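# Attaching a predicted model along with its sequence, questions to come.
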Amino acid sequence: HLQDSFLPYVEKPLNALETRSIIVSVITVYCGLYFVNDDLGRTSKICLFLLLVLANLYFFAYWLIMVMDKLPGILKRRYPKLYRRIQSLSLRNMRQGFHKKYESGLEDHERADRGANPRAVLPKAEA
């Protein structure tokens, strides 16, 4: 409750991450306390274990999304050369390479449809 009242971080996503961290920590502690209790049956222990694992996986996934969201800005500020290099290898460049390969593949299929050698060079179209 103090976390929600004081909001110690300037950025809202960090406050949300901290809140989730506290919730998952509480779930982990309580599941761990009940898990070591000998009075619980096997099914109850399995349920507690699954709850513990799912809660931690949820937090890890949320944390990973937050990191991946902030990583480009951090790279841009701290390592501008690396950031520009990564941008040069962007998805757009990869798509262009894919389209070139795809188009050449189509030409190979057109040649094969005409019964020619698929690797043979087509004559240039007359103007």
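Noted; the coordinates are in hand.
# Scan the protein for its longest helix.
When every helix of the chain is counted residue by residue (DSSP state H), the longest turns out to be helix 42-78.
# Output the contacting helices and strands for that helix.
Packing partners of helix 42-78 (3 or more CB pairs under 8 Å, 6 or more residues apart in numbering; DSSP states H and E): helix 12-35, helix 80-88. Bear in mind the C-beta positions are built from the backbone N, C-alpha and C, glycine included.
# in this protein, which segments are predicted with low confidence?
Applying pLDDT under 70 to the chain flags the ranges 1, 90-127.
# Name the helix or strand for residue 4, please.
Residue 4 is part of helix 2-6, with elements assigned from DSSP states H and E.
# residues in contact with that helix?
Contact with helix 2-6 is made by 15, 18, 19, 22, as judged by CB atoms under 8 Å, 6 or more residues apart in numbering.
# need the contact list for the second one.
So the one you mean is residue 18. Contact analysis of residue 18 by CB under 8 Å, 6+ apart lists 3, 8, 9.
# Among those residues, which one has the most neighbours?
Counting neighbours by other CB atoms under 10 Å, residue 3 leads the contacts of residue 18 with 15 neighbours.
# measure that one to residue 38 for me?
If you measure residue 3 against residue 38 using CB to CB, to the nearest Å, the figure is 34 Å.
# still on that earlier bit, ok, of the contacts of residue 18, which one's closest to residue 55?
For those, the minimum distance to residue 55 (CB to CB) is 17.0 Å, reached by residue 3.
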